[in-house]
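[1] Coordinates for the following, if possible.
(one chain, ligands or ions: 1)
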Amino acid sequence: MARSKSDIANSAIRIFLQDVGRYYDTARGFDPFVPKVSQKDELLIFFNHECCYCGAQISRKSISLDHLIAMNKAALGLHAWGNVVPCCHSCNNEKQQKNWEEFLLSKASPDLSSIRKKRIQDFVAAKQYDPNLNLHEFAGNLYEDVGEVAMTLINLRYKQAENGIQQLLKPN
Ligand SMILES: [Zn+2]
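    This is a model prediction of the structure:
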């Protein structure tokens, strides 16, 4: 339930990044990432059934999905193949919007984190996700615009409701 202008604007950004992600998947010849069970399995196999950050064993049941580049208005990471990686619940909760390379370094020894970093980079490359994909030009002011339009509409309807209630409450 959206409680404020920023909730509405954040939802708009997420919808935008999901839709663009679906298009990017299709344009690269992939079945759009949902994830379906078979797509989760593909992630588990690529990452050897391990959390891509801390290395904990994960399964179809315990898998958690993280967006390497966060799905927010600053980073504009897509919900698409190559940007979604399998991890454990605890890492997912901890990482949030952090930079994945820095987060990875905090989760493992230098040796292990460089092995894991390589695996993640191989995955991104295998899926041809361009880490420099810059959507700022297209996302532009979507966040601000959606927030403004939504609040304008809400305020308009609010005024109408206020007037309607006033009429109802007037003594005859
Ligand atoms: Zn983990």
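
[2] so how far is the ion from the residue lying closest to residue 74 once chain neighbours are set aside?
    Here the nearest residue to residue 74 in space, its sequence neighbours aside, is residue 97; by Cβ to Cβ, 6 or more residues apart in numbering that works out to 7.9 Å. (C-beta placed from N, C-alpha, C; glycine too.) Note on residue 97: its distance to the ion, by Cβ to the ion, to the nearest Å, is 17 Å.

[3] element containing the residue nearest the centre of the chain?
    The centroid of the chain falls nearest to residue 71 when counting by Cα atoms, centre = their mean (3.3 Å). Using DSSP states H and E, residue 71 maps to neither a helix nor a strand.

[4] tell me the contacts of it?
    13, 14, 17, 77, 78, 79 (Cβ atoms under 8 Å, 6 or more residues apart in numbering).

[5] okay, the residues you listed in JSON lines with neighbour count, distance to the ion and secondary structure next?
    Below are those laid out as JSON lines (neighbours: other Cβ atoms under 10 Å; distance: Cβ to the ion, whole Å; DSSP: H, G, I helix; E, B strand; the rest coil):
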{"residue": "13", "neighbour count": "18", "distance to the ion": "26", "secondary structure": "helix"}
{"residue": "14", "neighbour count": "14", "distance to the ion": "23", "secondary structure": "helix"}
{"residue": "17", "neighbour count": "26", "distance to the ion": "24", "secondary structure": "helix"}
{"residue": "77", "neighbour count": "23", "distance to the ion": "19", "secondary structure": "coil"}
{"residue": "78", "neighbour count": "25", "distance to the ion": "22", "secondary structure": "coil"}
{"residue": "79", "neighbour count": "23", "distance to the ion": "20", "secondary structure": "coil"}
